[in-house]
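K.L.:
One predicted model, sequence on top.
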Amino acid sequence: MSKSLNFVVSIKLDRRSSDANGNHPIKLRVWNRASKVAKMYSCNKFSDEITFERIINQKITVKGDTHKLRLYLDRILSNANEILESHQVNSFHEFEKLFFGKTGNSLDLIYFIDEKIKECKDNQQYSSKEIYRGLRNLIVDFSGCKFIELNVITIKWLKSLEYWYLSRKKKNGTSYKISGYSIYIRHLRIILNELVY
């Protein structure tokens, strides 16, 4: 029997936002029965509504990339259920600590950005430190979570990030510029290149 009866998890398509192709972000929904509050956590994947309905309907046979996405989402849901069944989870914070720590820092992009921020601070590279801090905030705001697996950083993901970045407005109403995005991506490339070598 589950040790965390107050929590229920499911995979949902968040139709409140979309990427450049009109696809919506897929998220893990965690519902607390006691407080009647739900939180959504990014799965770092996007889908159109028709494909998503095919993915979550286990009676429908899917192939290729759609099948791979189903397996990926099934694994996320299975991990979440495993945590709730084997631990006494009393808050979203406790769930997040267990869920996002499951894979480890070795695959977490945010971990490596934080390490870069510390490195720049130690070397008194304050300008670079602020750029990495901005990069971190950008990716967390875009993805909706503080754990980003490295294998989700694809050309498609970067294009979605760029579209989202440029579609926003600053507090004074002006648009964000491609030059600002390019600076963040240049620093992201530095981190990824260092991980390769």
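P.N.:
Arrived safely, thanks for sending.
K.L.:
pretty sure residue 170 contacts residue 176?
P.N.:
Yes. Between residue 170 and residue 176 a contact is recorded at 6.7 Å, counting by CB atoms under 8 Å. C-beta: built from backbone N, CA, C; applies to glycine.
K.L.:
which of these two has more neighbours?
P.N.:
In terms of neighbours (other CB atoms under 10 Å), residue 176 is the more surrounded of residue 170 and residue 176; the figures are 15 against 8.
K.L.:
Got phi/psi on that one?
P.N.:
phi -80, psi 150 (degrees, to the nearest 10).
K.L.:
Isn't it up against residue 168?
P.N.:
Yes. Checked against CB under 8 Å, the pair residue 176 and residue 168 is within contact range at 5.6 Å.
K.L.:
low-scoring stretches of the chain, by residue?
P.N.:
1-3, 101-107, 195-197 (pLDDT under 70).
K.L.:
residue boundaries of the helices in it?
P.N.:
49-56, 64-86, 92-100, 109-122, 126-143, 155-167, 178-196 (DSSP state H).
K.L.:
For residue 20, find the nearest of these.
P.N.:
Closest approach to residue 20 among the helices of the chain is made by helix 155-167 (3.7 Å; CB to CB).
K.L.:
Residues in contact with that closest one: which ones?
P.N.:
17, 19-21, 44, 46, 138-139, 142, 175-178, 180-181, 185 (CB atoms under 8 Å, 6 or more residues apart in numbering).
K.L.:
so, if you compare those, which one comes nearest to residue 73?
P.N.:
Using CB to CB, the contacts of helix 155-167 come closest to residue 73 at residue 44, 10.8 Å.
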